[in-house]
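S.K.: Sequence and predicted structure below; questions after.
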Amino acid sequence: MRLNDALLGAILLGFAGWIWWLTSFFPSFPGQDYGPNLFPRILATGIGLCALVLVLRGVRNRAPLLVVEGWVVQPRRVISFLLIPLAALAYILVSDPLGFIPTAFLLLLGLSLWFQARPLVALPVAAGMTFLVHWFFAGLMRVPLPRGVLDSVL
Amino acid sequence: MDPLLQAFGLVFDPFVLAVIGLSAVFGMFVGAMPGLTATMATALLVPVTFFMPPVPALGAIVTATTMAIFAGDIPGAMLRMPGTPASAAYADESYAMTQKGQLNLCMGANLVFSVGGGLIGVAVLIGFAPMLAEVAINFSSYEYFWLACLGLTCAVFMSNADPVKGFLSLFFGLLLATVGIDPAAGFPRFTFDDVNLMGGVNFIATMIGMFAVSELMRGAVTVDLVTRAVPQAVGSLFRGLGDVTRRYWWNFLRGSFIGTAIGALPGAGADIAAWISYAVSKRFSKQPEKFGTGEVEGIVDATSANNSALGSAWIPALVFGIPGDSITAIVIGVLYMKGMNPGPTVFQENPQLIYSVFLIFILANIIMLPLGWAAIKSARQILRVPRNLLLPVILLFCLVGSFAMTNSLYGVVLMLAMGILGWIMEEHGIPIAPLILGLVLGEMLEQTFVQSMIKADGAFLEFFSRPIAGSLGVFTLLIWLVMLGRGFRRAPVPAAA
Amino acid sequence: MTLLSRRTLLAASGAALTAPLAMPALGQGNWPNRPIQLIVPWGAGGGTDATARIVASLLERDLGQPVNVVNRTGGSGVVGHSAIATAQPDGYTIGMITVEITMMHWQGLTQLNPTSYTPLALMNSDPPGVQVATNSPYADIKALADAIKARPAGTFKASGTGQGGIWHLALVGWLQAMGLKGDHVRWVPSNGAAPAMQELAAGGVDIVTCSVPEARAMIDAGRAKSLAIMAPERNAMFAQVPTLNETLGINYSVGAWRGIAGPKNLPAPVTQRMATALKAAYDNPQFKEFMTSRGFGTVWQDAAGFASFMAEGDRAMGEAMRGAGLARG
């Protein structure tokens, strides 16, 4: 998926403008010309200049506005693609109430089954990896992984 | 009794050797796992070493970090995911080599030159500790400002892509680095009243997102396709290395030297050493156009550099109690806990302990050869694991790794956002590496700039008033001029189809 | 195969459903019955981290459950302090809070203040020192003070921490006590005491007002010297360094302190058990030995004492920061 340079440049110009606008709310540093807004403004200017070049280039080249790869029309592929960020999102939302072990297990199992792993393989791998990761991180490395519903058992 | 003999007695003790062995395995594993860094391994070793005597405690840290910095190269070559930030500079290059079927040569070179670079770093630590630190200690914010500028110049050096898009990526990285409390007035910028954003954009979580999650998203689309034939490169890791050594012995020495020098600078560690030496390698190569296409040349420089930086980072830590990098920051805490207060006096008061640390460094680099070989051989199994099982497991590692970096879900949210951003960037041919470097050096750049301006009462010429700062500054400006000149002379690049 | 996975799933979800029912019964009375998190708002390897880790290891032996030190860094301490304040008040998340909690809210960085916590104990406090480079022309604090007074504002540059941090306030307070304006010496913000000491050694700044233990490595390296400490009495580890009071007749003292606290409304059984455990940890010779070896001061205040100590410190900080123009909002 690739936007035309002109379109990308226009979006980035807007972004640079937004950053500049945000910096206008920063307080100034008493008695100095270089406050907290100096660096962000230099960078916004830099992004803006790059964006301008992209716009000019895009207008000159007249490429299509959006170029997409073939897989975008194959629903199964699109779902596979979206599943990665969605799985991360699911982890963010449910790992705290549910706990690490059930979340990780369901995540591993669900994803590998969707990717057409054989259940006989997927099940032990999901269970094994969940417990291995939990043992290493929560046990050995003492990372505070959420305990969730298994709180009283662990 | 002679302190050196005492040191031998302290190190070659069954308990100490057992601790070293276990830490080596631990370090290999942590380094090979994307999302687990050598710094994290050190931080998490501290509670384990809390009630140990000084020598095994320091031995565990030295060994684990030495192994982790090397082991970070393994997933870089096999999965295009650097195991530690220090391997990020050449992860793309290593992966390209793997795809060309040169996994053996790539891993062999990584292993041998890591050991070599590590030993050179240790030799410098032993020989020149007080002298080198004397130079680095005289650096003030002016020198650091120019150093940061040089580092950022490397980002543009390294980017193979369209320079406009390279700069775009760099500016994005620097902008990300401004999120959080600003270094001048202590004002929270771009935090949108979120407490986590006040802490800034976590570098590791960003890296996991940019390097791993975006790769997983690409991989998920093709997971059901027949996987490319995994390079079954069985056989000797060391074949062809003689030739590489003959051709690139200078790269090895140069990388080790640059790594040692950067490691000895307070605040700059193995990762920056790898970035800079890779860029230097490309700049002075006879075939710079081959960089990024799977050439061993830049890898020789960078893999020697990051391991050599590890040893020399102990120089300012031991001599002045000033961390050479984030690992030695933790080491200093351990030294205090063990009553070995860092400072020049420690060389007089506890020479046997210092010699023990040196011995363990040498030992760790030597056992890295067989252990690294074993790690590479067993890590190959990763590539044989079916991708439909591997993908979810890697995602789990990413989730847990980024969680562990902030000890909260903020790391995971950041990882997800950066993963999506990284995917979009790659789709548009915007390189990721400059963004990462901008994020790493952004704070140093702004902090040292503001400090210098306050100290100079606003007079920019003060940036050149000190001999070293002046030389660094002139050097940086010269590079910029050369780059500008080249940019003008180069014919306008026809837009990619 | 499908049957197998389905059955396992059912069993798993069955366990998941019954678990919360069993929890309250187990969770009562015998605190602690699972690992405790000790949140540290500062990075691994620093002084706060080291202090927290020794306390955690002593608590662990006393309470019989692991006490895990969790570093939540960033935002000049805001991130970690809010993590402690917003944790579940069940006794399984406590933290080490530092002097910044009496300062950040005056700067408008956060709403959190000392009353956002259940104070448990004050363990440590370190006074600021006045450090100069070894080759500095000022042999003692008197000569330095006279030179500062004699020269125009902005001649001298000082560093030690970020803008509005504790060591900045120490400088401001000292200058004000000498009858000067708070910005008579220009503050160069730094990322902590160690980089500031390096600037001092490299000749970048003239004065660093961090605590003496933080300056120690540079002093031992012969790169810096400590001219005075801003405390009522001398530090036993650095007995040769005089106080401001005995040299300049200025009775000004602030300090960077560290204490243990939990989120607001910790249950009484937890606070009682913690009170004895923390007292035992404080009295443990291992703790004393560790703190002395690093030159850290040990101070004890129980929960009530800690609360009034923080309230008083908060008031004084507010006054000082408003006076120095560092307060916002």
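M.R.: Looks like it came in fine.

S.K.: how about the residues of the stretch 351-497 of chain B that lie near chain A?
M.R.: B:386-389, B:391-393, B:395-400, B:403-404, B:407, B:409, B:412-413, B:415-416, B:419-420, B:427-428, B:446, B:449-450, B:453-454, B:458, B:495 (CB under 8 Å from any CB of the partner chain). Placement of C-beta: from N, CA and C, glycine included.

S.K.: how about 7 Å then?
M.R.: By CB under 7 Å from any CB of the partner chain, the residues of the stretch 351-497 of chain B that approach chain A are B:386, B:388-389, B:391-393, B:395-396, B:399-400, B:403-404, B:407, B:409, B:412-413, B:416, B:419-420, B:427-428, B:446, B:450, B:453, B:495.

S.K.: From those residues, list the buried ones, please.
M.R.: Among these, the ones that count as buried by 16 or more other CB atoms under 10 Å in any protein chain shown are B:386, B:388-389, B:391-393, B:395-396, B:399-400, B:403-404, B:407, B:409, B:412-413, B:416, B:419-420, B:427-428, B:446, B:450, B:453.

S.K.: Mind checking which of those residues land in helices?
M.R.: B:388-389, B:391-393, B:395-396, B:399-400, B:403-404, B:409, B:412-413, B:416, B:419-420, B:427, B:446, B:450, B:453 (DSSP state H).

S.K.: Considering only the residues you listed, which also neighbour chain C?
M.R.: Answer for those near chain C (CB under 7 Å from any CB): residue B:450.

S.K.: And the residue of chain C that's closest to chain B?
M.R.: In chain C, the residue that lies nearest chain B is residue C:74 (2.3 Å; CB to the nearest CB).

S.K.: show me the contacts for that residue.
M.R.: Residues counted as contacts of residue C:74 (CB atoms under 7 Å, 6 or more residues apart in numbering or on different chains) are B:180, B:198-200.

S.K.: and residue B:469, how many neighbours?
M.R.: Residue B:469 has 23 neighbours, counted by other CB atoms under 10 Å in any protein chain shown.

S.K.: you'd agree it is up against residue B:143?
M.R.: Yes: using CB atoms under 7 Å, residue B:469 is in contact with residue B:143, at 4.7 Å.

S.K.: could you pull out the helices for the chain?
M.R.: Unless you meant another one, I'm taking chain A. Counting by DSSP H, chain A has helices at residues A:5-23, A:38-61, A:75-98, A:100-114, A:119-134.

S.K.: you looked at the wrong chain, it should be chain C
M.R.: Under DSSP H, chain C gives helices at C:2-27, C:47-63, C:78-85, C:141-150, C:166-177, C:193-201, C:212-220, C:244-248, C:268-283, C:285-294, C:303-323.

S.K.: Tell me which residues are up against the second one.
M.R.: When you say that, I think you mean helix C:47-63. Contacting residues not belonging to helix C:47-63 are listed as B:47, B:50, B:333, B:336-337, C:32, C:38, C:40, C:42-43, C:66-67, C:69, C:71, C:96, C:98, C:123-124, C:214, C:258, C:260, C:277, C:280-281, C:284, C:286-287, C:290, C:296 [CB under 7 Å, 6+ apart].

S.K.: Mind giving me the ChimeraX command for buried ones among those?
M.R.: Buried subset of those, written as a ChimeraX selection, criterion 16+ other CB under 10 Å:
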select /B:47,333,336,337 /C:32,38,40,42,43,66,67,69,71,96,98,123,124,214,258,260,277,281,284,287,290,296
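
S.K.: Just the contacts of helix C:47-63: which are in strands?
M.R.: Of the contacts of helix C:47-63, the ones assigned to strands by DSSP state E are C:38, C:40, C:67, C:69, C:71, C:96, C:98, C:123-124, C:258, C:260.

S.K.: could you dump the residues you listed to CSV with pLDDT?
M.R.: Converted to CSV, these look like this (pLDDT from 0 to 100):
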residue, pLDDT
C:38, 93
C:40, 90
C:67, 89
C:69, 84
C:71, 79
C:96, 95
C:98, 94
C:123, 93
C:124, 92
C:258, 94
C:260, 96
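
S.K.: Going by distance to residue A:69, which of those wins?
M.R.: residue C:71 (42.5 Å; CB to CB).

S.K.: State the distance from the closest one to residue B:259.
M.R.: Distance from residue C:71 to residue B:259, counting by CB to CB, to the nearest Å: 28 Å.

S.K.: Ok, residue A:84 next?
M.R.: Distance of residue A:84 to residue B:259, given as CB to CB: 35 Å.

S.K.: between these two, who's got more neighbours?
M.R.: Between residue A:84 and residue B:259, residue B:259 has the larger neighbour count (other CB under 10 Å), namely 36 against 27.

S.K.: So which residues make contact with the host helix or strand of residue B:276?
M.R.: Following DSSP states H and E, one finds residue B:276 within helix B:270-284. By CB under 7 Å, 6+ apart, the residues outside helix B:270-284 that reach it are B:69, B:85-90, B:151, B:154, B:157-158, B:251, B:255, B:258-259, B:262-263, B:288, B:291, B:297-298, B:301-302, B:305-306, B:309-310, B:325, B:437.

S.K.: All set, thanks.
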